[in-house]
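Engineer: Pasting a predicted model and its sequence here:
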Amino acid sequence: MADVKAPDIDRSVRKKLMFVNRKAPYGTIYALEALEVVLIAAAFEQDVSLAFLDDGVYQLVKGQNTTGIGMKNFSPTYRALGDYEVRKLYVERESLDERGLRIEDLMDISYEDEDDAEKPLVRVVGRSELTEIMAQQDVLLNF
Amino acid sequence: MKLGILVNEGPYTHQASDSAYQFTKAAIEKGHEIFRVFFYHDGVNNGTRLTVPPQDDRNLQQAWSDLAVKHNLDLVVCIAAAQRRGILDEGEAKRHGKDAHNIAPGFRISGLGQLVEAAIVADRLVVFGD
Amino acid sequence: MPTLHTVNKSPFERSAFISALNHLRPGDALLMIEDGVLGARKASAFAALLESTTKIGSVYALAPDLAARGITEADVIVGVKLVDYGGFVDLVTRHDRTQAWL
């Protein structure tokens, strides 16, 4: 087994990493395990953002009660993202509309800025705007 | 170019691992550097040495192990995903009181930081999944 | 700036293919791999949509995946270019980023 490589990162490089979430939680593990990558990525001082589109918007819906299915409700973890300085959660408007969801159905996720003002992490954007934002990323991670 | 490859599915059930393998081979043939191949989600199952696939078809784990040894590739199996799915190296087995370990030659178990590092350091990241 | 979009699932199985098309910018490329190549077949219910895509960006299909599924070059929509794994690698390096629509 090879020795573990020490991180070889040029600290002057700051890449735009976008985590693309298109799957609903619980039916598959992708939502949970993608979030686990985001939390690690936050420590690398890169420009990290998340996109929620298609069924991925369901990851942010409030009131997730998983007692009946016997799985851990991991939705509170999204609230920690602000503290990890991951502050751009793009939610696609058309994906919400197609699913009969409104922004009010989503969790209230905010962080406190330097002046102690509460700022929301979630930004609802149109499909074409999200397409442009994706085109500005250095790396897109899909799960 | 430096390439990073992410494999999100295990062997056989999905074509993802085969596609990733063929892509990696082709990239090496073209003279590119494979910075890392990272196995996540069920992809960690590519790293068990206990498979006994039918003789008349490809042996994916062997193929990855052989490619790794031949070209000195860094094949990394995510530790968190591996723990969930029962892929252990000797250290992990001891640490968690398990009576066996099963990591295949050419693979190593490490953290998600290795995936993030690959995303940052590689010129391109290619994802294979379901 | 252009993006390479890969689709690996059939448009008849999953909406990922449509989602990919909905996020394609002019000048981007689309590559069908694995079951995604089922979207490349002429005269399918999906063919018109894919044909119109060839006007927006370059559309490719992975030849080994077509062959595996018994789809010949003659069966493929006009305007879809065939590549092998080497061509796949070239597409990745020629585009600024790759997005896998899983």
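Structural biologist: Structure received. Only a predicted model underlies this, so the values are computations on that prediction, with no experimental measurement involved.
Engineer: which SS state does the spatially most central residue of chain A fall under?
Structural biologist: Taking C-alpha atoms, centre = their mean, the centroid of chain A lies closest to residue A:50, which sits 3.6 Å from it. Classification of residue A:50 using DSSP: H, G, I helix; E, B strand; the rest coil returns strand.
Engineer: And for the one 5 residues further on?
Structural biologist: Using three-state DSSP, the three-state assignment for residue A:55 comes out as helix.
Engineer: burial measure for it, as a count.
Structural biologist: 19 (other C-beta atoms under 10 Å in any protein chain shown). Just so you know, the C-beta spots here come from the backbone N, C-alpha and C atoms, and that holds for glycine as well.
Engineer: what sits against the residue nearest to it when sequence neighbours are not counted?
Structural biologist: With C-beta to C-beta, 6 or more residues apart in numbering or on different chains as the criterion, residue A:55 has its nearest non-adjacent residue at 4.2 Å, and that residue is residue A:24. Counting by C-beta atoms under 8 Å, 6 or more residues apart in numbering or on different chains, residue A:24 touches A:31, A:55, A:56, A:58, A:59.
Engineer: Am I right that residue B:73 is in contact with residue B:67?
Structural biologist: Yes: using C-beta atoms under 8 Å, residue B:73 is in contact with residue B:67, at 6.1 Å.
Engineer: Now the common contact residues for those two.
Structural biologist: Jointly contacting residue B:73 and residue B:67 under the rule C-beta under 8 Å, 6+ apart are B:24, B:106.
Engineer: When the two are compared, which one has more neighbours?
Structural biologist: Neighbours were counted for residue B:73 and for residue B:67 using other C-beta under 10 Å; residue B:73 has more, 22 against 18.
Engineer: Next one: that one, what pLDDT does it get?
Structural biologist: At residue B:73, the model reports a pLDDT of 98.
Engineer: how about it, secondary structure?
Structural biologist: Once three-state DSSP is applied, residue B:73 turns out coil.
Engineer: What separation do you get for it and chain A?
Structural biologist: Residue B:73 is 9 Å from chain A, where distance means C-beta to the nearest C-beta, to the nearest Å.
Engineer: Show me what the helix or strand bottoming out on mean pLDDT in chain A is in contact with.
Structural biologist: For chain A, the helix or strand with the lowest mean confidence is strand A:110-112, at a mean of 90 (criterion: mean pLDDT, DSSP states H and E). Under the contact criterion C-beta under 8 Å, 6+ apart, strand A:110-112 has outside partners A:82, A:83, A:87, A:118, A:119, A:120, A:121.
Engineer: Can you tell me the closest non-neighbouring residue to the second one?
Structural biologist: In this structure, residue A:83 finds its nearest non-sequential neighbour in residue A:111, 6.7 Å apart by C-beta to C-beta, 6+ apart.
Engineer: cool, residue A:101 as well?
Structural biologist: Ranked by C-beta to C-beta, 6+ apart and with sequence neighbours excluded, the top spatial neighbour of residue A:101 is residue A:57, at 6.2 Å.
Engineer: if I pick the one you found, what's in contact with it?
Structural biologist: Contacts of residue A:57 (C-beta under 8 Å, 6+ apart): A:91, A:92, A:95, A:96, A:99, A:101, A:106.
Engineer: switch the cut-off to 10 Å
Structural biologist: Contact analysis of residue A:57 by C-beta atoms under 10 Å, 6 or more residues apart in numbering or on different chains lists A:21-22, A:24, A:91-99, A:101, A:105-106, A:124.
Engineer: Which of those residues are buried? Put it as a ChimeraX command.
Structural biologist: To isolate the buried members of the contacts of residue A:57 in ChimeraX, using 16 or more other C-beta atoms under 10 Å in any protein chain shown:
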select /A:21,22,24,91,92,93,94,95,96,101,106,124
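Engineer: Buried ones in the lengthiest helix in chain B, by neighbour count?
Structural biologist: Identified as the longest helix of chain B according to DSSP state H is helix B:16-29. Neighbour-count burial for helix B:16-29 flags B:16-28 (criterion: 16+ other C-beta under 10 Å).
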